[in-house]
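Visitor: Let's see this in three dimensions:
(2 chains)
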Amino acid sequence: MSAGDIRIQLPGRPEADADTVVIPKLRSIAGTQTVPPLTVAALCDEFGPVCESAVDPLEIASALEFDGMSDQTVRDRYGYSDVFALANEMYIQVPRQPAEPPPPPDPWQVSRWQPLLHSLLYGLPAICFPAAAALLAGPGLHPALITALLTAWAVSQGLATLGYLRLGRTTDRGQAKRLLRAGLLAGMLIVIAAMAGVAMFAHALLPVLIFGAGEGAYMLGACVLLVLGAERWLLPVLAPGVAGSAVFLALGRPPELQHIAWYSLAATALLALVAALLVTRNKRPAPGRLFVAAELRNAVPAAVFGLVAAGLLAFPVIAGADGHGGINVGALLATLPLSLSMGAAEWSLLAYRRRTRHLLRTTQDLRVFGRGARMVLGLAMGQYLVATVVLTAIAAWIAITTGLVHPGPDLLPELGVYLALGCAMFLALALQALGIRAVPLVASAAALAFEMAWRELGLVSQLAACVGLLIVLGAYAAVALGAAVRHAF
Amino acid sequence: MHIALTAEGTYPHQFGGVSVWCDQLVRGLPECDFSMVALVATGTEPVRWELPANLTSLTAIPLWGPPPPPPPGSRWLRPRTGPPVRELIEVLLAPPDEEQDTFGDVLREMFAYAQYGNLSAALASEDSVRLLSEAWRHRWPDPDLAAPTLQDAVTAVQLLEHALRPLAHPPPRADVVHAVTNGLGALPALAAKWRYGTPIVVTEHGMYMREHYLHSRQDPFRWPVKQLYLQFLRRLCVLGYHEAAVITPGNVYNKRWEAQLGADLDRVRTVYNGVNPADFPAFDSEPDVPTISWAGRVDPIKDLESLLRAFVIVRRELPKARLRIFGSPPAGREAYLARCQALAKELRVAEAVTFEGRVPEIRDAYAAGQVVVLCSITEGFPYTLIEAMTCGRPCVATDVGGVTEAVGDTGLVVPPRRPAELARACLTLLRDADMRKRLGDAARLRALEYFTVDRAISAFDEIYMFLGAGKPLPVATSVDVLATTPAAAPGGPPAGGPGGGQPAEPPVPAAAGPVAAAPAAAVPAESGPGEQVPVMTGPGRPLPADGVPADEVPADEVPAGQVLASQVLASQVPAAQVQLAPVPDEPAAPESELEPGPAGSPPLEAAG
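Guide: Predicted structure coming up:
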């Protein structure tokens, strides 16, 4: 009795009867009817890949059974006592020759245009400041602008972290959307509360407060869109504000167009909020808890880092204030190449991660890996530095030729400061991306504290703080990022 | 009496057979207090079941997401010696049949360490990576053959770190701790035994290890990682059996695997799944037209294609015959349904075959046919069969998993993937109303005797009583009675085993012998949607709607005649893996918890 035969005698019907009726015609219909091969060798052949990569005979047994092989079939056909005995024989007969799994997709391989797009998205909003300059006057201007910047940076960093954490924990994007939407609204409340505080204590004027809130709205909306990978929405969002500002500036700030420029800025801020709210719509209510304590705990350092980074970036605005209630356009414009360079930082960071990933997959010795990882980090820094120098040169050339900035003796040291700060921020990002949060936070906070304590020295204290930060983070990264376990993915 | 249930990826966060079973168990023993320790993937899973009043506590232990907080004070009162990472690595690299005792000792030390030190930090450390990569370099037989890289070492220590997270939680306190899945799900049970001496019951509906072997083929890991992790799981299962006071597989067929993994068969008591007879009263009529009914999840492992091909033959003999298919495909895998529909057209039987989707009352699906067919290529102990049997419908089923145990001599059993045999068996029944009546009645009697919820619950009630009182189970109940004649008491209450002990296992026709099968996981879609979900797959992995790997293989890619198992090998990187990869951050956002999420472990199945 072969395995192909029915095993239970059907009462009242001789077996042959059914067979003769059915089988000849069946061959043409039943394409999937399979019969196990007759010999163990043929079976080994059929199960070749399974046997070659089996870690033990039981793995082969599981595959045989999954193919419908029963102990009875094994006894009838191959003469072994059961599936396990057969699997054991197959494990012995076929030598281990495991096939390499298909190379997993490289998570750091992104579109070549993405960093460029991000660069623009980070940098373009800077053009809105000069367009709004006429709005930005009166008492309490600096507290208002600084507060808006710091609050929006801190909240958006915290929110981005929350969003990424949730996206990493669950496949249910609905949960992340709900969280980001709640975070967006809570963040806006925080920004508005901060502006209200500024109004109360620094007596800032309403246009300034609205500008600050609009800045917050744009940053939070953009943050939500970026986290959800919907950054393409940011281009239409930015279009009115950037186009309005550009035209306004290009025409030499004609007063009659002033209002149109302002409305276009307001449109961008509102559009950012609307786009973020649209993107976070959920068809069904998402399950699970809205906030998770562990995620919130992780988001706090990120928010504080955002605060510190914004402080470091905005320091020249504070220190460079001339005290007459105006705005230091030159200092603000100097942050433009730095904003643009964040795209370069992203690009270098991705390249860094691709290279360390490759290194990890081709190395067997930890020391070799450590040396290689340090070289790769240096390479990425160099890549970032070159890109930033080029961007800064272009920005400086445009600013000078359009007369927005008048080059003074401070220009070169100022640019030097920003290059050092940019490199330090790049290292901080690399450390954070690999799970080290405390050190960049503490070091950056110390640098900011140093700047503030010696702010009457102006550029000198800034230069000292930024170069110091770069050295500390560089030395730490060289050691910490040489550990293989840091580069798990 | 307080019972702690422990499990991985099932009740109360998922639907599926094991969850149905847990719910039945807890509700069936209202006089016992239950607590549940559920290993989950990330902790974001909502509770999907309404919890019974006597389920007094629920602890969810996420294996992914942020590591468990270290015990208070562990930063300052750092243990003088670290956890035995080196010893763990050594034992995992040893041949599987050696040093199992060492493995038990090492794991116990890991547990002791985790209770006052930060085990996660110690395991996922550069030191562990160094120990493993050096051990590999010294022991690897052939440097040209899948030689381990640092990436493999990092992945492996991370997998172990995630897998051992349950050890860092306080062990459940109870009179009996009942692991309803072996493997990782048994870790909290082992911890309870080590800490409090609590006796352990290990239940397996599907075979944990078999599922993991099959699933390992889809994992993206290189061979060294696969080998190390499977050895870890295998040793863990062996340890689970070893430490268990009683092992209760869901069918005799599973016992073969348990024996292979070193389980002491004296401690094995088979307890079958059951259905509530009140939900499945006997039918008093059958459809007039010769109709074959099929119910379940529309899925490649159910092999509807063979059924369609068989139906062509049936139609040739009985032109009026109809085939009614009840059930829907799991979300995201609708392609198989479309393919079956196309096949029905191609075979020119489309007008006689109806795909009816889900039915609110699964009973109606059985009522719709003169014969109920189960044609899967792999099953555990399918609810479809015992439900149809309880209704008194005669069944034709393929000889996989626990099917022959369920059907016994009250239905027709044919080999899997043989349309001709399937057609012949169906024709036999469709042509013979007397035989349908006879087999249907016998099936109902058999189901009422052996496969009722009450019977399953009273079996566990008794096990709990004995273990809770510190007594061994009566010896008489351990006898397998495969060869005995059924003492069918028509319509009577389930008969207990000798001396009121464990119910005897039902007789199975000798011809079927010890049956073989494959990874189980059969729950008809209607009786328990979804499946048990592996939690060692990492966040971001789409929750499999079925516990069986082949499901994920688009069957279009299946060359005719190739074995299913090797299709698994040939299948692409699971979509899961793409999502496991961390989202490349925009520079502003720290990567933080975007877990590496490798870990492909497999589903435990939800056996029917």
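
Visitor: Report whether the expected contact of A:D56 with B:R235 is present.
Guide: No - applying C-beta atoms under 8 Å as the test, A:D56 and B:R235 come out as separate, 11.4 Å apart. Where you see a C-beta, it was placed from the backbone N, CA and C, and this is true even at glycine.

Visitor: any shared contact partners between the two?
Guide: The overlap between the contact sets of A:D56 and B:R235 (C-beta atoms under 8 Å, 6 or more residues apart in numbering or on different chains) consists of B:P96.

Visitor: When those two are compared, which one has more neighbours?
Guide: B:R235 (25 against 18; other C-beta atoms under 10 Å in any protein chain shown).

Visitor: residues touching that one, list them.
Guide: B:R235 is in contact with B:91-92, B:96, B:100, B:103, counting by C-beta under 8 Å, 6+ apart.

Visitor: Among the residues you listed, give me the pair with the biggest separation.
Guide: By the measure C-beta to C-beta, B:L92 and B:Q100 form the most distant pair in the contacts of B:R235, at 11.4 Å.

Visitor: Who has more neighbours out of the two?
Guide: The residue with more neighbours, out of B:L92 and B:Q100, is B:L92; 23 against 16, by other C-beta under 10 Å.

Visitor: Show the pLDDT at residue 335.
Guide: In the absence of a named chain, this looks at chain A. Looking at A:T335, its pLDDT reads 64.

Visitor: To clarify, I was referring to chain B.
Guide: In this model, B:A335 is scored at 87, pLDDT.

Visitor: And B:I386, by the same measure?
Guide: Per-residue pLDDT puts B:I386 at 93.

Visitor: likewise A:G183?
Guide: 93.

Visitor: Then B:P582?
Guide: On the pLDDT scale, B:P582 is placed at 31.

Visitor: Could you do A:L421 as well?
Guide: We note a pLDDT of 90 for A:L421 in this prediction.

Visitor: ditto for B:L214
Guide: What the model reports for B:L214 is a pLDDT of 86.

Visitor: Longest helix of chain B, counting residues only.
Guide: Ranked by residue count and defined by DSSP state H, the top helix of chain B is helix B:223-243.

Visitor: C-alpha coordinates for the helix or strand A:M425 falls within, CSV please?
Guide: In the assignment (DSSP states H and E), A:M425 maps to helix A:411-433. The C-alpha trace of helix A:411-433 is given here as CSV (Å, rounded to 0.1, in the frame of the first residue of the first chain):
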residue,chain,number,x,y,z
LEU,A,411,32.5,88.0,8.8
LEU,A,412,35.2,85.4,8.6
PRO,A,413,35.3,84.6,12.3
GLU,A,414,31.5,84.5,12.3
LEU,A,415,31.5,82.0,9.5
GLY,A,416,34.2,80.0,11.4
VAL,A,417,32.0,79.9,14.5
TYR,A,418,29.1,78.5,12.4
LEU,A,419,31.3,75.9,10.8
ALA,A,420,32.5,74.7,14.2
LEU,A,421,28.9,74.7,15.5
GLY,A,422,27.7,72.9,12.5
CYS,A,423,30.3,70.2,12.9
ALA,A,424,29.5,69.9,16.6
MET,A,425,25.8,69.6,15.8
PHE,A,426,26.6,66.9,13.2
LEU,A,427,28.5,64.9,15.8
ALA,A,428,25.7,65.4,18.3
LEU,A,429,23.2,64.0,15.7
ALA,A,430,25.5,61.1,14.9
LEU,A,431,25.7,60.3,18.7
GLN,A,432,22.0,60.6,19.2
ALA,A,433,21.2,58.5,16.1
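
Visitor: The following helix or strand past it - contacts with which helices or strands?
Guide: Using DSSP H and E, the helix or strand that follows helix A:411-433 in sequence is helix A:438-453. Helix A:438-453 sits against helix A:293-319, helix A:411-433, helix A:459-480, with contacts defined as 3 or more C-beta pairs under 8 Å, 6 or more residues apart in numbering or on different chains; DSSP states H and E.

Visitor: so what's A:T161 closest to, chain neighbours aside?
Guide: Setting aside the residues directly before and after it, A:T161 is nearest to A:A302 in space (C-beta to C-beta, 6 or more residues apart in numbering or on different chains), at 3.9 Å.
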